[in-house]
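J.: Turn this into a structure:
(chains A and B)
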Amino acid sequence: MNILVCVKQVPGSSNVEVDPVTGVLKRDGVQSKMNPYDLYGIEMALELTEKYGGKVESITMGPPQSKSVIVETICMGASGGTVLSDRRFAGADVLATAYTISQGIRKAGEFDIIICGKQTTDGDTAQVGAEVAEYLGIPNVSNVLSIEEIADNSVKLTASLDDKIVNMKVNLPCLISVDGDINSPRLPSYKVKQTVTDDMVKFISLDDFEDQNPDNYGLSGSATQVERIFPPDKNTQKHSIEGDAKNQADELYNLICAQKLI
Amino acid sequence: MYNKITAEDISVLKQIAGNDNVLTGEEINPDYAHDELGGIEKMPEVLVRVHSTEEVSAIMKHAWERCIPITVRGSGTGLVGAAVPIEGGILLETTQMNKILELDAENLTVTVQPGVLLMELAAFTEENDFLYPPDPGEKSATIGGNISTNAGGMRAVKYGVTRDYVRALTVVMPNGEILTLGGKVAKNSSGYSLKDLVIGSEGTLCIICEAVLKLVPLPKISTSLLVPFADMKSAIEAVPKIIRSKVTPTAIEYMSRDTILFSEDYLGKKFPDTKNDAYILLTFDGNTNAQVEADMKTVADLCLEIGAIDAYIVDTDERKKSVWSARGAFLEAIKASTTEMDECDVVVPVNKVDEFIKFTHKLAEKMNVRIPSFGHAGDGNLHIYICRDNLSQSDWDKTLADCFDEMYDKAAELGGMVSGEHGIGYAKKGYLKKQYGDTPITLMQGIKKVFDERNILNPHKICF
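T.: Here you go, the predicted structure:
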């Protein structure tokens, strides 16, 4: 069982400023970290290989310093990873990003399952995973909550839809995007960090891809253009439940059910 | 000797605090009869929710004249019965006095009312790039309660305890007089420190109505290490060696696998690692990555050298939350794991922590009772819980008394004290008396008499 986890380096805090002129996130001097949603994907991948054998690798796209998130996946238990880094990838929208990653995955190796986080905390589109699957021509399931079984070249899993939970059987290879809070991601090991060597992280550029046409990548390969980036409004809305104890309890119960908390 | 509350008293109290803020009889929730551990229970005759220093002063004056006992209560998160109104009388709740009054960035102070919750104060100071260092596990405690018990918390290893961060107090004396003790000054050699007498006095000397607290600039970087060990002995033995390394972590906490599993059950959330029997959790803070990483590396290398199984890096908000939220729930989690429990929060010299913990393990075997523990290994303050489980009432009473006797004797033998941060209140009076002997207790009683000649403030606590 070979599993690839897609990860991304994102700003370390949600209080990142946006440059009012260029509309771009001010990343200078801001601490960075692994996209928190990706941690659940790594944990799921590691648990699967503990159960079924095989290995976990990771892949990311970004500037050279994003190597640190690949190292972090190794510290959590991955055997190695790939950084897709090339100036010509810069300015990519969702479509160009997905295409770049799909090209990178073709070079990175053969995988039974590709796992993505639900979304990233800096882009929040939650579309890259599904589009990577499309480019790779493999099945895709989003909002996966758990994997029940892998057998007969297929995976039985549970995924969350808006108003229901669904059980599916999907052929391998496939790409899944996992929901948040589905497990408790393990912590990176300091002991392993001491043993990480350069050859555990591969760097791949456009020159290594099958499709080397620069027009398909970065800003020129993007179908959309970012007009403005702004932090979302913080939602501090509160919902009060009125009425007597029975009605309050009933409404609370219905709310909890609607949120699929029970 | 005390007067009972009359209809006339109620009417006076309502005039002072407003009709809605004066509750009697069945209007008072039974939870007001006890604190979080519930060992001792007594309902007040009247509960008054106060909103200002002037109200407190007027109520106090009335109680003084009528000789009515008054007990102050914050969030009721105490563990030794200090906020239980043993004589009934008035229970004065300060949770509505919950305003943050001033942030003074030039003198590095924040002025608060006593009902501000620790978590509210932490959020406010951090938003403003400051840190109020005392960090007790119970974040819903009020700052008034924290000052009254001289609460410590997890950052005491590096930053000290509540006393180190109180610059001034506005208090109401038992006769209703309003006084300010201390000031926004960094030094003070002006006579006896009355402010320091009030800190840790558990509501027996006067009522804290306002506090000026010292802040420090918020460290920019904070990272934790969760270090697993094969057993508790190796984990605890590592602590003095870490301290000797001259790196000063902000916190050094120890925890056993059992306690972590209780917390998983209680929170319904998995801890990132439960494969090992014992863990030490350390935090490092500073203003540069290089500095914090160098400190972390020194300690991680040392731990691995002395037998740690690994050192897990807890570096992002998500990871900190997954680890520290479990740590914050330990008390409640142990409570939920048994039918009844009582606690011992002794403090011993740091280099005696391992000896004391080993002693409690032997004691648990000898008494055939479960004694889980966790605590601040870095400052010698341990939280040890004796669990009743299936013991009958009489067996429980005897086992508890025997365990406490042995533990407090052992702590004294090692040069420790009865309480590191929870206070003496009602529950630990006997042990304090036993350890201190006559003269210190007489001195304490004398101090109490000078402040409160009529003994109306929180009677039967600490030294009486």
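J.: hey, let's count contacts and neighbours off CA atoms from now on
T.: Fine.
J.: interface residues of the stretch 151-262 of chain A facing chain B?
T.: Listed as neighbours of chain B in the stretch 151-262 of chain A under the rule CA under 8 Å from any CA of the partner chain: A:183-191.
J.: one more time with 7 Å, if that's ok
T.: Where the stretch 151-262 of chain A comes near chain B, counting by CA under 7 Å from any CA of the partner chain, the residues are A:184-191.
J.: and these as JSON lines, adding neighbour count?
T.: Formatted as JSON lines, these follow (neighbours: other CA atoms under 10 Å in any protein chain shown):
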{"residue": "A:184", "neighbour count": "18"}
{"residue": "A:185", "neighbour count": "25"}
{"residue": "A:186", "neighbour count": "22"}
{"residue": "A:187", "neighbour count": "25"}
{"residue": "A:188", "neighbour count": "22"}
{"residue": "A:189", "neighbour count": "22"}
{"residue": "A:190", "neighbour count": "23"}
{"residue": "A:191", "neighbour count": "17"}
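J.: Turn those residues into CSV, including secondary structure.
T.: Output for those, formatted as CSV (DSSP: H, G, I helix; E, B strand; the rest coil):
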residue, secondary structure
A:184, coil
A:185, coil
A:186, coil
A:187, coil
A:188, coil
A:189, strand
A:190, helix
A:191, helix
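J.: got the residues of the stretch 251-400 of chain B near chain A?
T.: Near chain A, when you scan the stretch 251-400 of chain B using CA under 7 Å from any CA, you find B:270-273, B:310-314.
J.: Report the buried members of the residues you listed.
T.: B:270-273, B:310-314 (16 or more other CA atoms under 10 Å in any protein chain shown).
J.: which one of those residues is nearest residue B:153?
T.: Among those, residue B:314 lies closest to residue B:153 (CA to CA), at 19.5 Å.
J.: and the gap between the closest one and residue B:320?
T.: Using CA to CA, to the nearest Å, we find residue B:314 at a distance of 6 Å from residue B:320.
J.: Neighbours of residue A:139, how many?
T.: Residues lying near residue A:139 (other CA atoms under 10 Å in any protein chain shown) number 15.
J.: for the closest residue to it other than its chain neighbours, phi and psi?
T.: In space, and not counting its chain neighbours, residue A:139 is closest to residue A:174: 5.0 Å by CA to CA, 6 or more residues apart in numbering or on different chains. Per-residue torsions, residue A:174: phi -150, psi 170 (degrees, to the nearest 10).
J.: thought residue A:174 was touching residue A:115?
T.: No: in this structure, residue A:174 is not within contact of residue A:115 by CA atoms under 7 Å, at 8.7 Å.
J.: Compare these two (neighbour count), which wins?
T.: Remark: of residue A:174 and residue A:115, residue A:115 carries more neighbours, 28 against 20, as counted by other CA under 10 Å.
J.: ok so that one is a helix residue?
T.: No: counting by three-state DSSP, residue A:115 falls outside a helix, being strand.
J.: Who are the contact partners of it?
T.: A:4-6, A:41, A:175-177 (CA atoms under 7 Å, 6 or more residues apart in numbering or on different chains).
J.: just residue B:326 next, same as before
T.: Residue B:326 neighbours (CA under 7 Å, 6+ apart): residue B:263.
J.: does it count as helix, strand or coil?
T.: helix.
J.: For residue B:261, see how far away it is.
T.: Residue B:326 is 10 Å from residue B:261, by CA to CA.
J.: still on that earlier bit, same list (the residues of the stretch 251-400 of chain B next to chain A) but as CSV, adding distance to residue A:11, pLDDT and secondary structure.
T.: Listed next are those as CSV, based on distance: CA to CA, whole Å; pLDDT from 0 to 100; DSSP: H, G, I helix; E, B strand; the rest coil:
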residue, distance to residue A:11, pLDDT, secondary structure
B:270, 26, 92, coil
B:271, 25, 95, coil
B:272, 23, 95, coil
B:273, 26, 95, coil
B:310, 28, 98, coil
B:311, 25, 98, coil
B:312, 22, 98, strand
B:313, 18, 97, strand
B:314, 17, 96, strand
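J.: What residues sit buried inside the one helix or strand residue A:47 maps to?
T.: Assigned by DSSP states H and E, residue A:47 belongs to helix A:36-52. Judged by neighbour count using 16+ other CA under 10 Å, the buried positions of helix A:36-52 are A:36-46, A:48.
J.: circling back: who does the residue nearest to residue A:139 bridge with?
T.: Counting by DSSP bridges, residue A:174 is bridged to residue A:113.
J.: Quick check: pLDDT value at residue A:16.
T.: Per-residue pLDDT puts residue A:16 at 63.
J.: try residue A:25
T.: 64.
J.: do residue A:190 as well
T.: For residue A:190, the model assigns a pLDDT of 97.
J.: contacting residues around the spatially closest residue to it that is not a sequence neighbour?
T.: Spatially, and ignoring its direct neighbours in sequence, residue A:190 is nearest to residue B:311 (5.3 Å; CA to CA, 6+ apart). Going by CA under 7 Å, 6+ apart, residue B:311 touches A:189-191, B:225-228, B:300.
J.: for residue A:176, same thing?
T.: Here residue A:176 is in contact with A:114-116, A:140-142, A:144 (criterion: CA under 7 Å, 6+ apart).
J.: quick one, whichever strand or helix holds it and helix A:36-52 angle?
T.: Assigned by DSSP H and E, residue A:176 falls within strand A:174-178. Here strand A:174-178 runs at an angle of 130 degrees relative to helix A:36-52 (axes from the mean of the first three to the mean of the last three CA atoms, to 10 degrees).
J.: average pLDDT for strand A:174-178?
T.: In this model, strand A:174-178 has a mean pLDDT of 97.
J.: likewise stretch B:348-365?
T.: Computed over stretch B:348-365, the mean pLDDT rounds to 93.
J.: so which of the contacts of residue B:311 would you say is closest to residue B:401?
T.: residue B:228 (33.6 Å).
J.: Please name the residues that touch the closest one.
T.: B:276, B:278-280, B:308-311.
J.: repeat that with 8 Å
T.: B:235, B:276-280, B:308-311 (CA atoms under 8 Å, 6 or more residues apart in numbering or on different chains).
J.: Also residue B:210?
T.: Neighbouring residues of residue B:210 by CA under 8 Å, 6+ apart: B:53, B:111-114, B:169-171.
J.: Report the secondary structure state of it.
T.: Here residue B:210 is recorded as strand under three-state DSSP.
J.: Relative to residue B:291, how far out is it?
T.: With CA to CA as the criterion, residue B:210 and residue B:291 are 37 Å apart.
J.: count of neighbours near residue B:102?
T.: Using other CA under 10 Å: residue B:102 sits among 11 other residues.
J.: That one belongs to a helix, doesn't it?
T.: No: going by three-state DSSP, the assignment for residue B:102 is strand, not a helix.
J.: Residue B:110 is in contact with that one, correct?
T.: Yes: if you go by CA atoms under 8 Å, residue B:102 and residue B:110 touch, sitting 5.6 Å apart.
J.: in the stretch 101-250 of chain A, which spans are strands?
T.: A:113-116, A:140-151, A:154-160, A:165-171, A:174-178, A:201-204 (DSSP state E, counting those that start in this stretch).
J.: Show me which residues of the first one are buried.
T.: Just to be clear, that refers to strand A:113-116. So strand A:113-116, judged by 16+ other CA under 10 Å, has buried residues A:113-116.
J.: Cool, thanks, talk later.
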